[in-house]
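S.K.: Sequence plus predicted model, see below.
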Amino acid sequence: MRLGGKHLDAGGYDLLGVVTGSEGLLGIVTEITVRILKKPDGARTVLIGFASSEDAGECVGKVIGAGIIPAGMEMMDRPAIRAAEEFVHAGYPLDVDALLIVEVDGPRAEVDHLIMRLEVIAHSCRAVTCRASRSEEERLLFWAGRKAAFPAVGRISPDYYCMDGTIPRARLPQVLKRMRELSETYGLAVANVFHAGDGNLHPLILYDANRPGELERTEKFGADILRLCVEVGGVLTGEHGVGVEKRDLMPVMFSEADLNQQQRIKCAFDDKGLLNPGKVFPTLHRCAELGRMHVHAGRVAFPDIPRF
Amino acid sequence: MSDTLRPRDAKDVEAAVQSALAEGKTMEIVGHGSKRAIGRPAQSDLTLDLSTLSGVTLYEPQELVLSAKAGTPLAEIEALLAAKDQQLAFEPMNCAAIFGGAAGPGTIGGALAANVSGPRRIKSGAARDHFLGVCAVSGRGETFKSGGRVVKNVTGYDLCKLMAGSWGTLAVMTELTIKVLPRPETEQTLLIRGLEPGQAITAMTAAMGSSCDVSGAAHLPAEVAVRVPAGEIAGGAITALRLEGFSPSVAERMRMLEALMRPFGELASTDETISRRFWAAIRDVAPFAAEGPAPPALEDERALWRVSTAPSRGAEFAAIIANAAHVHIFYDWAGGLIWLALDPSHDAGAALIRGAVAATGGHATLIRAPPSVRAAIEVFPPQDPSVAALTKRVKDSFDPRGVLNPGRMWAGV
């Protein structure tokens, strides 16, 4: 069956919208149509170092408060900065607790105007260092450290476990603090890279699978981080999906009624449960059971609701 | 006249749906009723009036997020956002113009249930793309939620996408969370005069494919351009391209756009005030207003269709229906959205329009027509059998007894 097309919106239910992000549980995609956009004419990036993640968080809030939606806004904490700098030598400051990498793109006049405004905001948030890229080479170098953050952490630890929760941006300092406490409790180090623009957090837990029990401890630590994300108003996964790994955490975020309604969608598309069985849903119900209606007759009709 | 229930809170909504289920009754879900005349006319036993379920429950400008109860007036939300230099980037249409009622712009629940998106849709996405989270009562009488309050979220199925554009046929939304965005510092519109539809599509396509970051692209043939209540722009056919953003950026992009558009025809640019008025008129389909402010000659009682197609096929579509009686059309979304007014008698042009859509791709929805016409023909786009069957199964998954807005979109759904 074909859903959507070259036109911009659905003529009925947005079935394409619910298939997107459904992790292969609703259908097998054989062909896609996507909209493509022209690449921006240019881009510049500014590297801003802060003495605390609170200052960095304040800066992110002020940038958005000023009506600026950067093309990218990434944050790294001290362990992630150190690992990346030692690996790539991108010129990151090593004496800061948080580093923001902010990129703006578009025509030259817009980019230069916004870089200027970003610098003003950064200084108002007590930035320790602030450097704007002056060439394409320098822009790419600024990104090289961030883009190599995962392998960089891989160099300093035998194994690492990458998490993917999303939180309301303003809760970042609180979440980082709690994560440091958990890090001590579990005796495992953690490095953080964060899509600050949209609140997507990627804590990397450093461990050694050859040490008995450490993998299990790491997984428990990871689950605690995701519970923390939900507790502060966030979600279990920002971009990597639920799969099998986060399946059993789904009840942290959703009630049984929430999950049942999701599984009924699964039944509408795949009533025999042929596609990716065992993923996303912690408890499988048979479609016949989920479809059953429980009507509680005999109660007072429309109790108490004002009627006209 | 059916009984009207006015729930005081989400619990009341759940009780109302459960009671309707127990009594085997159907319900029409209404906010302010601004879009009530869209869809197949249906008789429901009860009316569930959500206008009392009103109020913004969360607004954090720096987080770009807002939550509100479903019956919150759009006007209240837009005023609140404007005070912080923010806006709903999907530019929801105000249907008051085309229906001539006093209902106003309606509620946030209605805007999302209808997935109404204005001219900026081509740059910023549709209403559904700003819909982050929902709390709702299904036709099973069960309260459920989906999504959250953060922009980046792939946890579970995105049921908000199904809610958007479901016209109240799946669940009664009680609270919605949406993404809000900064309001552009300024805007300007470039007008190109005297283009034929085919040339206009070519020009708009060139503009959309450039780096100018166009946030509105519309074409109005001469006979429709005179119906726009922004008199300053009148005089022949107009093709309009909007640029928004920070002042230095808008100025530079306007220079780029003028250079790109000069070969197409005579250019003129408008200031911010006229630009805002013009795009509000396009958003609200003011050229086909039921009762325009003045002069009375602009009153329009024709049937109104909304056609969605690939932008490059817009002019081809128009050529097919050009000979219909009393037909006027204009193009938004760079040609991808066609508003079409024509004689409401007989099938209101349905056979002709749906035939044209079959040739060009896309779909057509009848937005305004007398109830007798809406009862006689399909109002929403007819679906092929496999999509129709899936649609019915999705409906059944939320509302197996057909309690909520039954038949509004299609018979049996």
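M.R.: Yep, it's here. Numbers count the residues shown, from 1 in each chain, chains lettered A, B, ... in the order given.

S.K.: in the stretch 101-250 of chain A, what residue is nearest chain B?
M.R.: Nearest residue of the stretch 101-250 of chain A to chain B: A:E110, at 3.4 Å (CB to the nearest CB). Where you see a C-beta, it was placed from the backbone N, CA and C, and this is true even at glycine.

S.K.: Which of the helices or strands spans that residue?
M.R.: helix A:108-124 (DSSP states H and E).

S.K.: what's in contact with that helix?
M.R.: Contact with helix A:108-124 is made by A:41-44, A:46, A:48, A:59, A:62-63, A:66, A:68, A:70, A:100, A:102, A:104-105, A:130, A:132, B:245-246, B:248-249, B:251-253, as judged by CB atoms under 8 Å, 6 or more residues apart in numbering or on different chains.

S.K.: returning to what we had before: neighbours of the residue of the stretch 101-250 of chain A closest to chain B, how many?
M.R.: By other CB atoms under 10 Å in any protein chain shown, 24 other residues sit near A:E110.

S.K.: sorry, back to before: what mean pLDDT does the helix holding A:E110 have?
M.R.: Helix A:108-124 shows an average pLDDT of 96 in the prediction.

S.K.: Could I have the CA atoms of it written out in PDB?
M.R.: The C-alpha coordinates for helix A:108-124 follow below in PDB (Å, rounded to 0.1, in the frame of the first residue of the first chain):
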ATOM      1  CA  ARG A 108      26.500  35.600   4.900                       C
ATOM      2  CA  ALA A 109      24.700  38.700   6.400                       C
ATOM      3  CA  GLU A 110      22.500  36.600   8.600                       C
ATOM      4  CA  VAL A 111      25.400  34.400   9.800                       C
ATOM      5  CA  ASP A 112      27.600  37.300  10.700                       C
ATOM      6  CA  HIS A 113      24.800  39.100  12.400                       C
ATOM      7  CA  LEU A 114      23.900  36.100  14.500                       C
ATOM      8  CA  ILE A 115      27.500  35.200  15.500                       C
ATOM      9  CA  MET A 116      27.800  38.800  16.800                       C
ATOM     10  CA  ARG A 117      24.600  38.400  18.800                       C
ATOM     11  CA  LEU A 118      25.700  34.900  20.100                       C
ATOM     12  CA  GLU A 119      29.000  36.400  21.400                       C
ATOM     13  CA  VAL A 120      27.100  39.100  23.300                       C
ATOM     14  CA  ILE A 121      24.800  36.500  24.900                       C
ATOM     15  CA  ALA A 122      27.700  34.200  25.800                       C
ATOM     16  CA  HIS A 123      29.600  37.000  27.600                       C
ATOM     17  CA  SER A 124      26.400  38.000  29.500                       C
END
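
S.K.: Of all the residues in stretch B:102-109, which ones are buried?
M.R.: Under the neighbour-count criterion of 16 or more other CB atoms under 10 Å in any protein chain shown, stretch B:102-109 has B:A103, B:P105, B:G106, B:T107, B:I108, B:G109 buried.

S.K.: just stretch A:274-288 next, same as before
M.R.: Quick answer for stretch A:274-288 (16+ other CB under 10 Å): A:L275, A:N276, A:K279, A:V280, A:F281, A:H285, A:C287.

S.K.: excluding its backbone neighbours, what's nearest the last one?
M.R.: Excluding the flanking residues, the one nearest A:C287 by CB to CB, 6 or more residues apart in numbering or on different chains is A:C267, at 3.7 Å.

S.K.: which ones are touching that neighbour?
M.R.: A:C267 neighbours (CB under 8 Å, 6+ apart): A:C287, A:L290, A:G291, B:R393, B:S397.

S.K.: Distance check, the nearest residue to the second one once chain neighbours are set aside against B:F144.
M.R.: Going back to what we said before, that points to A:L290. In space, and not counting its chain neighbours, A:L290 is closest to A:R264: 5.2 Å by CB to CB, 6+ apart. Between A:R264 and B:F144 the distance is 10 Å, computed by CB to CB, to the nearest Å.

S.K.: For the helix or strand the residue nearest to A:L290 falls within, buried residues please.
M.R.: Assigned by DSSP H and E, A:R264 belongs to helix A:256-269. Within helix A:256-269, the residues that count as buried by 16+ other CB under 10 Å are A:D258, A:L259, A:N260, A:Q261, A:Q262, A:Q263, A:R264, A:I265, A:K266, A:C267, A:A268, A:F269.

S.K.: Contacts for the helix or strand just after that helix, please.
M.R.: The C-terminal neighbour of helix A:256-269 among helices and strands, as given by DSSP H and E, is helix A:287-291. Contacts with helix A:287-291, where a contact means CB under 8 Å, 6+ apart, come from A:N260, A:Q263, A:R264, A:K266, A:C267, A:D271, A:G273, B:D396, B:S397, B:P400.

S.K.: from the residues you listed, which two are the most distant?
M.R.: Pairwise distances across the contacts of helix A:287-291 (CB to CB) peak at 19.4 Å, for the pair A:G273 and B:P400.

S.K.: hmm, back to that, can I get the buried residues of stretch B:102-109 in JSON lines including pLDDT, distance to B:A376 and secondary structure?
M.R.: Below are those laid out as JSON lines (pLDDT from 0 to 100; distance: CB to CB, whole Å; DSSP: H, G, I helix; E, B strand; the rest coil):
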{"residue": "B:A103", "pLDDT": "68", "distance to B:A376": "25", "secondary structure": "coil"}
{"residue": "B:P105", "pLDDT": "90", "distance to B:A376": "30", "secondary structure": "coil"}
{"residue": "B:G106", "pLDDT": "95", "distance to B:A376": "27", "secondary structure": "coil"}
{"residue": "B:T107", "pLDDT": "97", "distance to B:A376": "30", "secondary structure": "strand"}
{"residue": "B:I108", "pLDDT": "98", "distance to B:A376": "33", "secondary structure": "helix"}
{"residue": "B:G109", "pLDDT": "98", "distance to B:A376": "29", "secondary structure": "helix"}
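
S.K.: In chain A, which residue sits nearest chain B?
M.R.: Of all residues in chain A, A:G17 sits closest to chain B, at 2.7 Å by CB to the nearest CB.

S.K.: tell me which element that residue is part of?
M.R.: Element membership for A:G17, per DSSP H and E: helix A:15-19.

S.K.: Put the alpha carbons of that helix into PDB.
M.R.: Extracted C-alpha coordinates of helix A:15-19, given in PDB (Å, rounded to 0.1, in the frame of the first residue of the first chain):
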ATOM      1  CA  LEU A  15      -1.000   7.000   8.700                       C
ATOM      2  CA  LEU A  16       2.400   8.000   7.400                       C
ATOM      3  CA  GLY A  17       3.000  10.000  10.500                       C
ATOM      4  CA  VAL A  18       2.400   7.000  12.800                       C
ATOM      5  CA  VAL A  19       4.400   4.600  10.700                       C
END
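
S.K.: Fine, thanks again, bye for now.
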